[in-house]
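*Asks:* Compute the structure for the input listed below.
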Amino acid sequence: MPDSLIPYDEIVQEALRAVVGRVLGQIIAAGGTLPGDHHFYITFKTGAPGVSIPAHLRERFPDEMTIVLQNKFWDLGVDDQGFTVGLSFNQLPAKLDIPFSAITAFVDPAVDFGLQFQAMMPDAEPEPHEPAENDSPGNETSSAADDGSNVVTVDFGRKK
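*Replies:* Below is the predicted model of the structure:
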């Protein structure tokens, strides 16, 4: 199957990350309280652009970290780019700013729901691929006019 020139994977990942934002937005709208037994495990890349966490947490989790939103969290905020939340780590309060693009997993174990994402890291090299197979100048399916113009004639389905 040929590679798509439309980034479907990225579009789907972005749409699924919007699910996380919408769920967190509903929690804010409900007064910051999770309904029933719902609780969330959110895993994110600590070194991703836009992530803001205390230095001691970045040292302890240099690559990836999972937070739990259940009973003790505060100042939950959501915008189009990500969310902010206050949590306590070893009795020390901390404010975390996490862009949706840094999230690699979102799980609500109360209802056996989970989403996994590929981290969107701008420093990552694009995957290697074959060069595009565009028509070359000597291709028999197209020919340029001999009058010096830039007109190209394409003959689809016509036998030569």
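
*Asks:* buried sites along the helix or strand where K95 lies?
*Replies:* Element membership of K95, judged by DSSP states H and E, is strand 92-99. If you call a residue buried by 16 or more other C-beta atoms under 10 Å, then strand 92-99 has these buried ones: 96, 98-99. Yep, even glycine has a C-beta here, placed from its N, CA and C like the rest.

*Asks:* Next, the contact list for R58, please.
*Replies:* Residues counted as contacts of R58 (C-beta atoms under 8 Å, 6 or more residues apart in numbering) are 46-47.

*Asks:* That one belongs to a strand, doesn't it?
*Replies:* No - the assignment for R58 (DSSP: H, G, I helix; E, B strand; the rest coil) gives helix, which keeps it out of a strand.

*Asks:* For F89, see how far away it is.
*Replies:* Note on R58: its distance to F89, by C-beta to C-beta, to the nearest Å, is 12 Å.

*Asks:* D97 now?
*Replies:* From D97 to F89 the distance is 15 Å (C-beta to C-beta).

*Asks:* residue boundaries of the helices in this protein?
*Replies:* Remark: helices assigned in the chain by DSSP state H are 8-29, 55-60.

*Asks:* Nearest to I103, out of those?
*Replies:* Among the helices of the chain, helix 8-29 comes nearest to I103, with 6.2 Å by C-beta to C-beta.
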